[in-house]
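A.B. asks: here is my input, please return the structure:
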Amino acid sequence: MSSFRKALKSRQKNHHERSQVSTAKHLGLLEKKKDYKLRADDYHKKQNTLSALRKKALEKNPDEFYFKMISSQLKDGVHVGKKSNEEVEVTEEQKKVMRTQDIKYVEMKRVAEAKKIERLKGQLHLLDADSKQKNSHTFFVDSKKEVQSFDLANHLNTAPELVDRVYNRPTLQTLETKSIQGAVEPHSMEKLARQRKHQYKILSQRIDREKKMFVISQKIQTRKDLQDKNKKVKVKKETPNAAAIYKFEAKRKR
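C.D. replies: Below is the predicted model of the structure:
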């Protein structure tokens, strides 16, 4: 009898659900029971959610108040906490560096920038930089008449064309006895001036980069110090140009 049942099962056909009839193909795929079940479950879930929300709205206390009601706002359909005017967060660039780089790496890059700045300063001497404070040179004379007839080029013993220079201002005797070295033609002098201006621009960018690296390293160090369990009080808030300052409680080491 058991062998007959096995033989009967082997000849059984797999019964599949029918597909969409050819006359109704324009209606799309024929919905099966499992598709209906998914659709029905989703529908009932949404109806239950709506019922729960209606019940919550009916039972809500009209005098109910939460501080989030005034400290949040809608942004792209999502409630986001408002930022106070005094609160200044870290800039996006600083956040990116602080998440990806360690304080040792940031400090290493800052020291490298500082060395490059010193090297550039040594080459340029900052003699004709725009940001350099202008020096003043006072000449004393005995009478007002000498003030009116005062000739700066004659007093400095140099050519009138070189009076405005703050460096490389040879005297008339030097100009007569020695030959001029370096660029003399206007085209060459303009080229050198452009190169010098470009170098000053690079120097300014490196100084700004070094300052940013210093601020980032300070902020990373502050966040590491805050992991300490000692009591602390914030003295100064964090700004994009400076790290927050905390005062820690003195703890005696044993």
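
A.B. asks: going forward, measure contacts between C-alpha atoms and count neighbours the same way
C.D. replies: Will do.

A.B. asks: where's Leu74, which helix or strand?
C.D. replies: Under the criterion of DSSP states H and E, Leu74 resides in strand 72-75.

A.B. asks: what lines up beside that strand in the sheet?
C.D. replies: Here strand 72-75 has these sheet partners by DSSP bridges: strand 78-81 (antiparallel).

A.B. asks: could you pull up the mean pLDDT of the strand it pairs with?
C.D. replies: Averaged over strand 78-81, pLDDT sits at 81.

A.B. asks: now stretch 240-254
C.D. replies: Mean predicted confidence for stretch 240-254 is 80.

A.B. asks: return the distance of that stretch from the chain's centre.
C.D. replies: Relative to its chain's centre, stretch 240-254 lies at 25 Å (CA atoms, centre = their mean, to the nearest Å).

A.B. asks: show me the contact partners of it.
C.D. replies: 88-91, 212, 215-216, 218-219, 222, 230-238 (CA atoms under 8 Å, 6 or more residues apart in numbering).

A.B. asks: can you rerun that using 6 Å?
C.D. replies: Val90, Val215, Gln218, Lys219, Lys231, Lys232, Val233, Lys234, Val235, Lys236, Lys237, Glu238 (CA atoms under 6 Å, 6 or more residues apart in numbering).

A.B. asks: give me the neighbour count for the last one.
C.D. replies: Just to be clear, that refers to Glu238. Glu238: 16 surrounding residues under other CA atoms under 10 Å.

A.B. asks: ok but Gln195 is inside a strand, no?
C.D. replies: No - using DSSP: H, G, I helix; E, B strand; the rest coil, the assignment for Gln195 is helix, not a strand.

A.B. asks: contact partners for it?
C.D. replies: Gln195 neighbours (CA under 6 Å, 6+ apart): none.

A.B. asks: thinking again about what came up before, out of the contacts of stretch 240-254, which end up buried?
C.D. replies: Val90, Val215, Gln218, Lys219, Glu238 (16 or more other CA atoms under 10 Å).

A.B. asks: among the contacts of stretch 240-254, which are in strands?
C.D. replies: Lys232, Val233, Lys234, Val235, Lys236 (DSSP state E).

A.B. asks: just curious, which of those is nearest to Phe150?
C.D. replies: Lys236 (55.9 Å; CA to CA).

A.B. asks: the closest one bridge partners, please.
C.D. replies: Bridge pairing for Lys236 - DSSP bridges - gives Ile245.

A.B. asks: state the pair within the ones in strands among the contacts of stretch 240-254 that is farthest apart.
C.D. replies: Maximum distance among the ones in strands among the contacts of stretch 240-254 (CA to CA): 12.1 Å, for Lys232 and Lys236.

A.B. asks: skipping adjacent residues, who's closest to Leu29 in space?
C.D. replies: Among residues not flanking Leu29 along the chain, Gln20 sits closest, at 6.1 Å (CA to CA, 6 or more residues apart in numbering).
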